[in-house]
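S.K.: return atomic coordinates for the entry below.
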Amino acid sequence: MNIYHIIALALPNSSGFKGARVLNTLYALELGAGPFDVGLLLATYALFPLLLAVYAGKVSDRYGVRIPLVAGMAGMTLGVFLPFAWPTLPALYIAAAVTGAGFIFVQVSMQALTGALGTGEARTHNFNLYSLAIATADFVGPVLAGFLIDHQGHVATYLYLSLLNLLALVGLLVLLRRVPAASKPVDRRQQRMKDLLQSAELRRIFVTGAVVIGGLDLFQLYFPLYGHSVELSASAIGMVLGAFAAAAFVVRAMIPRLVRQFGEEVTLTYSLFLAAATCVLIPFFSSAVVLGAIAFVLGLGLGLGQPLSVMLTYNHSPAGRAGEALGLRIAINNSIHVVVPPVFGAIGTVLGLASVFWGNSALLALGGYFSRKKI
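M.R.: Modelled structure (predicted):
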């Protein structure tokens, strides 16, 4: 197994997933859902990742990643396909839950497998390539979903996106013998999850990563609502989200140079301040071109956080517990995701969608201040 095999599987699988999240938001609006309903829908995506992330990490550590990858990709394929077979609002909530449950097993296993392919600079190189593949999927999924919605309709788009997940599943089955069957045995009798939280380095990584991912998700999940409210087409919304993803791709390609010149902490701190300053501008504009430019700068600010936090988590995790540490990181992130979308959805219902983006800006600025205090 090598990093290019992983990229070949991750790219279509993540593209289908990211496209379906945008599609679910826009289709829910077509079915009459309001901001609070959409917030609950988006929180449903994070529910099972919150509950199962640490368990998924332990499974990948103890038994290898073959079974979690197959089961996770099968669940994601089913979740993306479900609204095509049952096009109702309740089905969107069920689909989000099923997709989220499958996604967490795939995400943890993919990250653990990528980290296990090498050490030192080779590991950094592999994580960087993996993050670029995810950034590419962040661009392809929303843009593809937007164009398919405009030309094929919401329901048919679920079928096309599920084919991407199915392609990844078939590719995994073809490559299954190359995937490591099991991890090295480790004595776990005295291991507890709170041991990971007692590490000051891991705690710092978890908090900073949660702020970054929270800000990223709030933009990706609520911009479609804002775009819909200012009468942008689905294609235009997809292109703005695509500009955000393109910027993330560009800045992730620069990670090795930025880290060598400024260090991880300084790079993360000022990227958060840049993101905070950019996010506050969104409610003042309704032009797709201007919003695309804003999204691009925002992507430059937020694109660094996830790959750096994944690398740092893997590097600082105890021997034989990388999957568990990665799962704990994801669980902490998703605990915020479960709470934040409904809360911000309720705020947006009462105060308007502008308050969502301004609140997100404040959250990012606080994250930058916290990181600066640590420096």
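S.K.: need the contact list for Leu196.
M.R.: With contact set as Cβ atoms under 8 Å, 6 or more residues apart in numbering, Leu196 has these partners: Leu202, Ser317, Pro318, Arg321, Glu324, Ala325, Leu328. Heads up, the C-betas are built off the backbone N, CA and C, glycines and all.
S.K.: same thing but 6 Å
M.R.: The contact partners of Leu196, taken as Cβ atoms under 6 Å, 6 or more residues apart in numbering, are Leu202, Ala325, Leu328.
S.K.: next one: it from Glu265, what distance?
M.R.: Distance, Leu196 to Glu265, by Cβ to Cβ, to the nearest Å: 20 Å.
S.K.: ok, and the most crowded of the contacts of Leu196?
M.R.: Greatest neighbour count in those, by other Cβ atoms under 10 Å, goes to Ala325: 25 neighbours.
S.K.: which residue is the nearest non-sequential neighbour of that one?
M.R.: Ser317 (3.5 Å; Cβ to Cβ, 6 or more residues apart in numbering).
S.K.: per-residue pLDDT of the one you found, please?
M.R.: Listed pLDDT for Ser317 reads 75.
S.K.: Ser371 too?
M.R.: pLDDT, Ser371: 69.
S.K.: helix or strand with the lowest mean pLDDT in this structure?
M.R.: For the chain, the helix or strand with the lowest mean confidence is helix 193-197, at a mean of 70 (criterion: mean pLDDT, DSSP states H and E).
S.K.: next secondary structure element downstream of that one?
M.R.: helix 200-229 (DSSP states H and E).
S.K.: how about that next one: buried residues?
M.R.: 202, 204-229 (16 or more other Cβ atoms under 10 Å).
S.K.: what's the answer for stretch 138-152, then?
M.R.: Buried positions in stretch 138-152, judged by neighbour count with 16+ other Cβ under 10 Å: Asp138, Phe139, Val140, Gly141, Pro142, Val143, Leu144, Ala145, Gly146, Phe147, Leu148, Ile149.
S.K.: contacts for that stretch, please.
M.R.: 15, 18-19, 22-23, 157, 160, 234-235, 237-238, 241-242, 245-246.
S.K.: which one (most neighbours) among those residues?
M.R.: Busiest of the contacts of stretch 138-152 [other Cβ under 10 Å] is Gly19, holding 31 neighbours.
S.K.: mind listing what it touches?
M.R.: Neighbour list for Gly19: Gly141, Leu144, Ala145, Leu161 [criterion: Cβ under 6 Å, 6+ apart].
S.K.: so how far is Tyr27 from it?
M.R.: Gly19 is 12 Å from Tyr27, by Cβ to Cβ.
S.K.: and if you look at Ala53?
M.R.: From Ala53 to Tyr27 the distance is 27 Å (Cβ to Cβ).
S.K.: the more surrounded of those two?
M.R.: Ala53 (26 against 23).
S.K.: name the helices or strands packed onto the helix or strand harbouring the more buried one?
M.R.: If you go by DSSP H and E, Ala53 is part of helix 35-63. Under the contact criterion of 3 or more Cβ pairs under 6 Å, 6 or more residues apart in numbering; DSSP states H and E, helix 35-63 touches helix 3-30, helix 89-115, helix 322-351.
S.K.: in the longest one, what's buried?
M.R.: Of the residues in helix 322-351, those with enough neighbours to count as buried (16+ other Cβ under 10 Å) are 322-338, 340-342, 344-345, 347-349.
S.K.: ok so, going back, turn the helices and strands packed on helix 35-63 into TSV, including distance to Leu300.
M.R.: Below are the helices and strands packed on helix 35-63 laid out as TSV (distance: least, Cβ to Cβ, whole Å):
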stretch	distance to Leu300
helix 3-30	19
helix 89-115	23
helix 322-351	21
